[in-house]
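[1] Using only what follows, build the 3D model:
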Amino acid sequence: MWTGIKTIFGVSALLSGLTTAVVAQEYELKVSSMLPPVTTHHNKVLVPWAEMLEEKSDGRLKVTIFPGSSLCKPTEQYNCVEAGLADISYGIPGWSPNKFPRTSVLELPFLFKTAETGSQMLAELWDEYISEDYPDVQILAMNVHPSGHIHTSETPVRNVDDLKALRIRAPTAVTGDIIEGLGGSKVGLPSSEIYQAMSQGTIDGFVLNHEGVLAFKLNEVTKYHTELSMYSTVFATLMNKQSLAKLPEDLQKLVIESTAPGSGYWADIGAIWDGNDQNARNALSGDGHEIITLSPEERAEWRKMVEGMDETWVSNAEANGVSNARALLEEARALAEQHGESN
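    Sure, this is the predicted structure:
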């Protein structure tokens, strides 16, 4: 009898152990990020989000972040996820010209100033418009950086004439068009290559937000910072759809709902970027650098020179299959007004 009871208890314990093992099965998510680990987004967005997923899943989700393009090249973050080389990636959709025509509306000049407003605008435009750009991947979150400025080493840009003939690095095609519209020469480069290009003199300057200057140590190769708040770049957190489908339903729900457009998370990311951008500006202004602020009259002149870009954007978007491009543009401009940041 005792043997039988022991056997029953033994089988019961074994089954219990198997059940626990099934419940506690771990799922690893590999996250590729183009940004180095010193950046705000890595330390205050990606890492806390990964920790939250692990905690709320009771350890079932293990999230490993590969920062600084250590898993996939900066310009390959979208392809990296689409191909399944990473489960999740963080990168710039605009590095694939014409692939995401709706998304690029947020890159038009003088649209908004703060990343919080721009990121919230992305969330509000998502369902009706921008979501159509991403049928093949799962978008988890999108954000913009605070509107960017022109940074140079040898030539201070105090008016639009100073920009003429300067070779300026542009992050996306739309930003390159802005630079050309203002009389400069655009040079396409990822952020990680700006330092070398400035050091070798193959470019005269670049457009970027203030935090990016410090994050990529570009304060070592610049002196002048002309504040324009003229453009921004869209970033996206993408997930491979097969990677998402492999997760149990409760973990799928956790991942998606933690970053949903309607959750306020996108605007929260922008607010974090805004805070650190101001900190970076303060650091630059006290480090032998000159921050140049345009007069209202000068700024108005810059805006006038690129005002035709809205119509160009509509034409290009329509040529890329966006039948409601004009409605999207009008909605974006209206949202900027609504948020009090029409730039």
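
[2] so how far is the first residue of stretch 85-94 from its last?
    20 Å (C-alpha to C-alpha, to the nearest Å).

[3] before we move on, which element is residue 244 in?
    Taking DSSP states H and E as the definition, one finds residue 244 inside helix 241-245.

[4] Quick check: which helices or strands does the helix or strand following that helix pack against?
    For helix 241-245, the following helix or strand on the C-terminal side (DSSP H and E) is helix 249-257. Helices and strands touching helix 249-257, by 3 or more C-beta pairs under 8 Å, 6 or more residues apart in numbering; DSSP states H and E, are helix 47-56, strand 61-66, strand 138-144, helix 241-245. Bear in mind the C-beta positions are built from the backbone N, C-alpha and C, glycine included.

[5] rerun that using 7 Å as the cut-off
    With contacts defined as 3 or more C-beta pairs under 7 Å, 6 or more residues apart in numbering; DSSP states H and E, the packing partners of helix 249-257 are helix 47-56.

[6] Please list the outside residues in contact with the helix it packs on.
    Residues from elsewhere that reach helix 47-56 (C-beta atoms under 7 Å, 6 or more residues apart in numbering): 31, 61, 62, 63, 65, 254, 255, 258.

[7] ok so, going back, so what's the gap between the helix holding residue 244 and the chain middle?
    Taking C-alpha atoms, centre = their mean, to the nearest Å, the mean C-alpha location of helix 241-245 is offset from the chain mean by 22 Å.

[8] Not counting that helix itself, show me its contacts.
    In contact with helix 241-245 (C-beta under 7 Å, 6+ apart) are residues 29, 84, 87, 137, 138, 252, 255.

[9] Out of the residues you listed, who's the most crowded?
    residue 87 (24 neighbours; other C-beta atoms under 10 Å).

[10] Give me the neighbour count for the residue lying closest to it once chain neighbours are set aside.
    Residue nearest to residue 87 in three dimensions, not counting chain neighbours: residue 243, with 3.9 Å by C-beta to C-beta, 6 or more residues apart in numbering. Counted by other C-beta under 10 Å, the residues lying close to residue 243 total 20.

[11] please begin residue numbering at 16 from this point
    All set: I'll call the first residue 16, so the last point we hit is now residue 258.

[12] right, and residue 337 touches residue 117 too?
    Yes. Counting by C-beta atoms under 7 Å, residue 337 does reach residue 117; the two are 5.8 Å apart.

[13] after the lowest-mean-pLDDT helix or strand in the chain comes which helix or strand?
    For the chain, using mean pLDDT, DSSP states H and E, the weakest element among its helices and strands is helix 17-38, scoring a mean of 41. Scanning forward in sequence from helix 17-38 by DSSP H and E, the next helix or strand is strand 42-48.

[14] Report the buried residues of that following strand.
    By neighbour count on 16 or more other C-beta atoms under 10 Å, the buried set for strand 42-48 is 44, 45, 46, 47, 48.

[15] The most centrally placed residue in the chain in helix, strand or coil?
    Per C-alpha atoms, centre = their mean, the C-alpha nearest to the average position across the chain is that of residue 250, at 1.9 Å. Using DSSP: H, G, I helix; E, B strand; the rest coil, the structure places residue 250 in strand.

[16] Excluding sequence neighbours, find me the nearest residue to it.
    Nearest residue to residue 250, sequence neighbours excluded (C-beta to C-beta, 6+ apart): residue 158, at 5.4 Å.

[17] how deep is that neighbour tucked in, by neighbour count?
    30.

[18] What separation is there between the spatially closest residue to residue 152 that is not a sequence neighbour and residue 174?
    Distance criterion C-beta to C-beta, 6+ apart; nearest residue to residue 152, sequence neighbours excluded, is residue 253 at 4.7 Å. Going from residue 253 to residue 174 by C-beta to C-beta, to the nearest Å gives 40 Å.
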